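Visitor: The following block contains a protein sequence and its predicted model.
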Amino acid sequence: MSRLYVARNPKVAARSLDGEMMIMSGRDSTLFTLNRTATILWQAADGATPLNEIVEQRICPEFDVEPAVALQDAETFARDLASHDILQVSENPIPSKMSFAGEMR
Amino acid sequence: MPVKVNTSDPQFSDMLVNRYEGFLTESPNSEIEFDVDLVEGGFSDPDADVHVSQNRGQWSLERGDFCAEWNPASRRGWIRQSANPYSIDAVLRIVHTLVLARQGGFLLHSASAIRNGKAFLFAGVSGAGKTTISRLAPADATLLTDEISYVRKTAKGYVGFGTPFTGELAKLGENVSAPIAALYLLAKGPENRIEPIPQGEAARALLANVLFFAEDQDLVQSTFHSAFEFVSRVPVSRLTFVPDNDVWELIG
């Protein structure tokens, strides 16, 4: 199985409020409210860390979940957000200039 | 925000004067100016989807019953439509959403009224009670709109303005403004009561009711952040009402 890399779209609006992360697609204005797991994935999506490492190092230690199941869920979630241009998913590392760090408030 | 409309058709001009009575001004200054080109036929479907896009600073607006362009730099544009008031009304709503979004404001699906010098907004989808709460307003309340509230961000906070954009009540709002004291999310229920809601839920509800047409990522970002800014400054509550006149005892 090939590695996947995920990176936040720099054009996406995001806010954390009352412990909830909300993001809005700039393409179709769809609003997403992320749960705790999805928020961890979103915040870790730097384009450089492989998805399986994010799952193993950031998600599995916090939740009682099998790594294989968690990885499958994370990949499904990432591809869903990618369909809204919110995340970029690639089999290769994604350049850091695409990271979302500068847009976070 | 003064709007100037140029038309060579005196009947169309009279129709606009009647429609926007109370919002007319003699001021020669305008922040938005449109030349209206009236055509017969060719436009038909006002229920078609609206398309609003930007190309090199020029906005294009299209619906089944009109097409228009507007340049925010020159503040000028044109509208091509048949001689009806609804098309230009839609164009004006859309352009105001574009202008307000750049300034931290927005148009909101909500009724609004001024009472005791403060503006109150009542948001909700169709059927939530915007028209009902407007009908129940007491004599000392000034109706700003029963359908589309006009929210501007100023140095002192958010201000609600009256609009000529009407809903079922078909009654123009008053051309006045006041600082916004609260936003109520309307719900009908067995008793009148007000419950504060968390800011996250408030932001979601607000975004669901903001009028937004543009397919533009920068503007989506602006509107998104404006909604969060608004709920951090203005109390947002759920207003459940029966409905009866007593509900207004809770407001103001």
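Guide: Good, I have the coordinates.

Visitor: how many neighbours does residue B:125 have?
Guide: As a burial measure, residue B:125 scores 10 neighbours (other C-beta atoms under 10 Å in any protein chain shown). (Each C-beta comes from the backbone N, C-alpha and C, glycine too.)

Visitor: my guess is it meets residue B:147, correct?
Guide: No. Applying C-beta atoms under 8 Å, one finds residue B:125 not in contact with residue B:147, separated by 11.7 Å.

Visitor: Identify the residues contacting whichever residue of chain B sits closest to chain A.
Guide: Chain A sits closest to residue B:217 of chain B, with a gap of 3.2 Å, by C-beta to the nearest C-beta. Residue B:217 makes contacts with A:11, A:26-27, as judged by C-beta atoms under 8 Å, 6 or more residues apart in numbering or on different chains.

Visitor: sorry, back to before: could you tell me which residues touch both of residue B:125 and residue B:147?
Guide: residue B:109.

Visitor: quick revisit: quick one: the residue of chain B closest to chain A and residue A:23, what's the gap?
Guide: Distance, residue B:217 to residue A:23, using C-beta to C-beta, to the nearest Å: 13 Å.

Visitor: now do residue B:207
Guide: From residue B:207 to residue A:23 the distance is 11 Å (C-beta to C-beta).

Visitor: For those two, list the residues in contact with both.
Guide: Common contact partners of residue B:207 and residue A:23 (C-beta under 8 Å, 6+ apart): residue A:31.

Visitor: out of these two, which sits in the busier spot?
Guide: A count of neighbours by other C-beta under 10 Å puts residue A:23 above the other of residue B:207 and residue A:23, at 26 against 21.

Visitor: can you give me how far the helix or strand the more buried one falls within is from the chain middle?
Guide: Element membership of residue A:23, judged by DSSP states H and E, is strand A:20-24. With C-alpha atoms, centre = their mean, to the nearest Å as the basis, strand A:20-24 stands 12 Å off its chain's centre.

Visitor: can you check stretch A:40-49 too?
Guide: The chain centre lies 5 Å from the centre of stretch A:40-49; the measure is C-alpha atoms, centre = their mean.

Visitor: Buried residues of it, list them for me.
Guide: Buried residues in stretch A:40-49, defined by neighbour count with 16 or more other C-beta atoms under 10 Å in any protein chain shown: A:40-47, A:49.

Visitor: List the ones among those residues that fall in helices.
Guide: Within those, residues falling in helices by DSSP state H are A:40-44.

Visitor: of all those, which comes closest to chain B?
Guide: residue A:42 (15.2 Å).

Visitor: OK, contacts around that closest one?
Guide: A:8, A:14, A:21, A:23, A:34, A:87.

Visitor: Which residue lies nearest the spatial centre of chain A?
Guide: Central residue of chain A (C-alpha atoms, centre = their mean): residue A:42, 3.1 Å from the mean position.

Visitor: closest point of chain A to chain B, which residue?
Guide: Of all residues in chain A, the one sitting closest to chain B is residue A:26 (3.2 Å; C-beta to the nearest C-beta).

Visitor: right, and that residue touches residue B:220 too?
Guide: Yes. The criterion here is C-beta under 8 Å, and residue A:26 meets it with residue B:220 at 4.5 Å.

Visitor: Which secondary structure element is home to the closest residue to residue A:17 other than its chain neighbours?
Guide: Nearest-residue entry for residue A:17: residue B:200, 4.5 Å, with adjacent residues in sequence omitted and distances by C-beta to C-beta, 6 or more residues apart in numbering or on different chains. Residue B:200 belongs to helix B:199-209 when elements are defined using DSSP H and E.

Visitor: No more questions from me, cheers.
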